[in-house]
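Q: Generate coordinates for the sequence data below:
(chains A and B)
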Amino acid sequence: MHSFGYRANALLTFAITILALMCAIASVSDNFNSPSPTSQVQVLNINWFQKKPDGDDEVSLTLNISANLESLFTWNTKQVFVFLAAEYETPKNMLNQVSLWDGIIPSKEHAKFWIHTTNKYRFIDQGSNLRGKDFNLTLHWHVMPKTGKMFSDKIVMSGYRLPQLYR
Amino acid sequence: MDWQGQKLAEHLMQLMLVFFAVVAFITGYVLGSFQTMLLIYAAGVVLTSLITIPNWPFFNRNPINWLDSSEAEKHPKPQPAPISGPKKKVSKK
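A: Numbers count the residues shown, from 1 in each chain, chains lettered A, B, ... in the order given. Next up, the predicted model:
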């Protein structure tokens, strides 16, 4: 500690070490938050449902998505990425996931929302398996913290069914 | 900065940084604001820098007392010339 430069170096090194420690503890503190998010999705309309010329089924839906993700936000949360996926089983694959809608929630104030929308991304099956198919709509989310570990979870909403006939 | 001053500066630096870190973390956690934590800590680091980095007068209260020159003359430096010569030769052999 005998010179200006030596003291400045020691102080900065120690200060940044402590800052790293504070960030680590902030990340750990996220584990004390036990969120209880809710969501509901209504399929308001099947706009159209057809077999594309290449043989794959495609369906267009009008959805009403409402969710309350406020409890996901802690003081260490930067944003939450959320997407709605249609999940169903086909003879070939145990699990098919098709992302229908997504969004970025920048703050807790925007975390309680509802949106009336057609599917943002095309709902196309790999093949022709969608007629009369039962499917789940699953709301997935990824919590992006300011520092530390990312969290992700989902809510599965079941009991949706596509019509038997193309329209 | 004298010896006591250096010790004081180091202790002050460590104590103040830890203190500000604890205050900043608790305040940030209670208010739920990460930004508040960073701002308080940044302010603490700046304040600590201003107090412990420059060579303030209060770090120089215990000046090092050198022997005055008359005292030094009574205890002359040992002269290396006659003794060390042969010794070096011995050690080389």
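Q: what packs against the lengthiest strand in chain A?
A: Ranked by residue count under DSSP state E, the longest strand found in chain A is strand A:38-51. Judged by 3 or more Cβ pairs under 8 Å, 6 or more residues apart in numbering or on different chains; DSSP states H and E, strand A:38-51 is in contact with strand A:57-68, strand A:134-145, strand A:151-161. In this view, the C-beta of every residue, glycine as well, is placed from N, C-alpha and C.
Q: partners of it, with directions?
A: If you go by DSSP bridges, strand A:38-51 pairs up with strand A:57-68 (antiparallel).
Q: For B:Val30, grab the count of nearby residues.
A: The number of residues packed around B:Val30, counting by other Cβ atoms under 10 Å in any protein chain shown, is 10.
Q: and the host helix or strand of it, how far from the chain's centre?
A: Using DSSP states H and E, B:Val30 sits within helix B:3-31. Counting by Cα atoms, centre = their mean, to the nearest Å, helix B:3-31 is centred 16 Å from the centre of its parent chain.
Q: how about the helix or strand just after that helix: buried residues?
A: Using DSSP H and E, the helix or strand that follows helix B:3-31 in sequence is helix B:34-52. Residues of helix B:34-52 classed as buried: B:Phe34, B:Thr36, B:Met37, B:Leu38, B:Ile40, B:Tyr41, B:Gly44, B:Val45, B:Thr48, B:Ser49, B:Thr52 (neighbour count, 16 or more other Cβ atoms under 10 Å in any protein chain shown).
Q: Next: stretch B:5-16.
A: So, applying 16+ other Cβ under 10 Å, buried residues of stretch B:5-16: B:Gly5, B:Gln6, B:Leu8, B:Ala9, B:Glu10, B:Met13, B:Gln14, B:Met16.
Q: Mind putting the residues you listed into TSV with distance to B:Pro63 and pLDDT?
A: Converted to TSV, the buried residues of stretch B:5-16 look like this (distance: Cβ to Cβ, whole Å; pLDDT from 0 to 100):
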residue	distance to B:Pro63	pLDDT
B:Gly5	10	90
B:Gln6	13	91
B:Leu8	14	92
B:Ala9	16	92
B:Glu10	19	93
B:Met13	22	94
B:Gln14	24	94
B:Met16	25	95
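Q: Much appreciated, bye for now.
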